[in-house]
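Trainee: Fold the following.
(one chain, ligands or ions: 1)
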Amino acid sequence: MSCRSNLSSWQALEQSAANLKQQKLKSLFAQDDQRFDKFSCQIPGLLFDYSKQLIDEDAFSHLISLVEEVNLDAWRKKMFCGEKINFTEDRAVLHTALRNRSGSSVMVDGEDVMPAVQTELDKIKHFTEKVRSGEWTGYTSKAVKDIVAIGVGGSNLGPQMATEALKAHTDDKLNVHYVSNVDGVQLADVLNKVDPETSLFVISSKTFTTSETMTNANSAVKWFLNSAKSEAAIEKHFVAVSTNLQKTRAFGIADENVFTMWDWVGGRFSLWSAIGLPISLYLGFEVFSDILAGAYEIDEHFKNAPTSQNIPIIMALLSVWNTSFLGYKAQAILPYDQALHMLPAYLQQGEMESNGKSVAFDGRTVEYTTVPLIWGMTGINGQHAFYQYLHQGNNIVPADFIASVKPQKVVDKHHDILLSNFFAQTEAMMAGVDEQQVRKDLAEKGIAQEKVEQLIAHKIHQGNRPTTSMILDTVDAKAVGRLIALYEHKIFCQGILLEICSFDQWGVELGKGLASAIEAELTQDNVHHEHDSSTNGLIAYYKQRR
Ligand SMILES: O=P(O)(O)OC[C@H]1O[C@H](O)[C@H](O)[C@@H](O)[C@@H]1O
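Mentor: Next comes the predicted model:
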């Protein structure tokens, strides 16, 4: 396998980056009135505009060549066909099979996985209908009113993000609450609001060994038994989503109440599996199914669209371009839609757990920066918090701006005001304000010359801050499916472009192991491990004062 920096497209891109660093986006727009048409594309339900990225046709053509040189097409085929591209864990990567509507089979180890996928979808559908219709009843024969979804990381962020995105579409049949933090405050807060007789707990954990989830699940059972008194009642109130039947059995959940998933579904790509059960319960199976349909549309786009029009590939290329070539080490996710307020948190796991790595496929340390730091919040709130940094800080942070044409709820002129901010911010980040303009503005305001000289440097905005704008028709179930699938495929492409194995997460293991050793020190007498003096000091401080 050749080093990426030896590829001719990589070297050409280094040259393009050196040239473009001297360029102003504002001038690129001034020089070419077709720029928006050249660097934007549309697919059903979505406009994708990357014309405010610091690229030109030359750089874009080298990026397209990079896709060919790394043989992305072959990797894409391997993923969709169930080859074990997660080679460090010896697993296929098949979240696409969970939303496959083509009718064709998907083989893993000589077996078609599609019948099992369909069986599980049917199970989710039937269970959803039973619970939502009131046919499923608790130990006192009452219907379910509250879903308490316990899980963390990939077993929480996807369903919670989608629930938040689509809660405007609820028919108010059920409430849903998410518990992910082992901080007992979160669980206690939820348990305070719900009634054991009408609560259904969904314990989601692919492994069913995650300490935080098991601690929360055990405390929930204890709380439940305080009222129900009989362990036989558990099966009416606790279901699980997991690959680990042994552990779910040991926990006391009947096999028929376990929804399965497979080792070829990575946690952070599992929203489409039974991990999405809370979405289905809360909003109905139709909505869940529409999320899958939206994602399938993107799978088809990703498989079939030419590279220069292929949105996830372009997203990945721009990320690699900004990070590895232009040297921008962070990226902001800025939804101008309240419904998408959890998207930054969701993508933090998606992008950083997948590609936040520094060794190539063959184990050597890569010579470039890989994935940027992903962060953000709803754009409007960000404007009043950290946009100062985005506009005038001395680190440039490229940003994805995401909005929708039609709001989920029309309230007077709110949406026009919201979108004015979206357009204004991307324009301001691109164009900035130069000295001449600042002088003109201050002169018009009649500011004294001495004050003008003092203010000039402070008021100049360099601009040249790259942004991508995505405009959805509206945030409905299909749009959520499309948006998430776009980012998923972006993450996959980024991994291939950077030679990063995107589907393992060894980096989260070290802290987990240490935490369990320290837990013994905190909970058992006479257990003491030697740490560095800081860790020893912190533990001693806590133990003395707790
Ligand atoms: O679903 P679980 O097995 O409980 O795992 C939950 C999460 O915890 C782990 O630490 C991983 O970092 C995540 O990728 C995973 O989604």
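Trainee: neighbouring contacts of stretch 535-546?
Mentor: If you take C-beta atoms under 8 Å, 6 or more residues apart in numbering as the criterion, stretch 535-546 is touched by Ile518, Glu521, Leu522, Glu530, His531. Heads up, the C-betas are built off the backbone N, CA and C, glycines and all.
Trainee: helix, strand or coil for Ala385?
Mentor: The assignment at Ala385 comes out as coil when based on DSSP: H, G, I helix; E, B strand; the rest coil.
Trainee: picking up where we left off before, next step: the contacts of stretch 535-546 restricted to strands.
Mentor: Secondary structure defined by DSSP state E assigns none of these to strands.
Trainee: Could you identify the most distant pair in the residues you listed?
Mentor: Looking at the contacts of stretch 535-546 by C-beta to C-beta, the two members farthest from one another are Leu522 and Glu530, with 15.5 Å of separation.
Trainee: So what's the predicted local confidence for the closest residue in space to Val194 that isn't next to it in sequence?
Mentor: Closest residue to Val194 apart from its sequence neighbours, by C-beta to C-beta, 6 or more residues apart in numbering: Asp146 at 4.3 Å. Here the pLDDT value assigned to Asp146 is 98.
Trainee: When Leu522 and Glu530 are compared, which one has more neighbours?
Mentor: More crowded of Leu522 and Glu530, by other C-beta atoms under 10 Å: Leu522, with 11 against 6.
Trainee: Now for that one: which residues touch it?
Mentor: With contact taken as C-beta under 8 Å, 6+ apart, Leu522 is in contact with Ile539, Tyr542, Lys543.
Trainee: Any chance of a markdown table for the residues you listed, columns neighbour count, secondary structure and pLDDT?
Mentor: Converted to a markdown table, those look like this (neighbours: other C-beta atoms under 10 Å; DSSP: H, G, I helix; E, B strand; the rest coil; pLDDT from 0 to 100):
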| residue | neighbour count | secondary structure | pLDDT |
| --- | --- | --- | --- |
| Ile539 | 16 | helix | 95 |
| Tyr542 | 10 | helix | 96 |
| Lys543 | 10 | helix | 95 |
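Trainee: Pro407: which of those is nearest?
Mentor: With C-beta to C-beta as the yardstick, the closest approach to Pro407 among the contacts of Leu522 comes from Tyr542, at 47.0 Å.
Trainee: so where do the helices sit in the stretch 201-350 of the chain?
Mentor: Along the stretch 201-350 of the chain, the segments classed as helices by DSSP state H, counting those that start in this stretch run 211-228, 234-237, 245-251, 277-283, 285-304, 311-320, 343-347.
Trainee: buried sites along stretch 306-325?
Mentor: By neighbour count, with 16 or more other C-beta atoms under 10 Å as the criterion, the buried positions of stretch 306-325 are 307, 310-325.
Trainee: Residue numbers of the stretch 401-546 of the chain in contact with the ligand?
Mentor: Gln505, Val508 (C-beta under 6 Å from any ligand atom).
Trainee: All the strands of the stretch 401-546 of the chain, in order from the start?
Mentor: Taking DSSP state E, counting those that start in this stretch as the criterion, the stretch 401-546 of the chain contains strands spanning 467-474.
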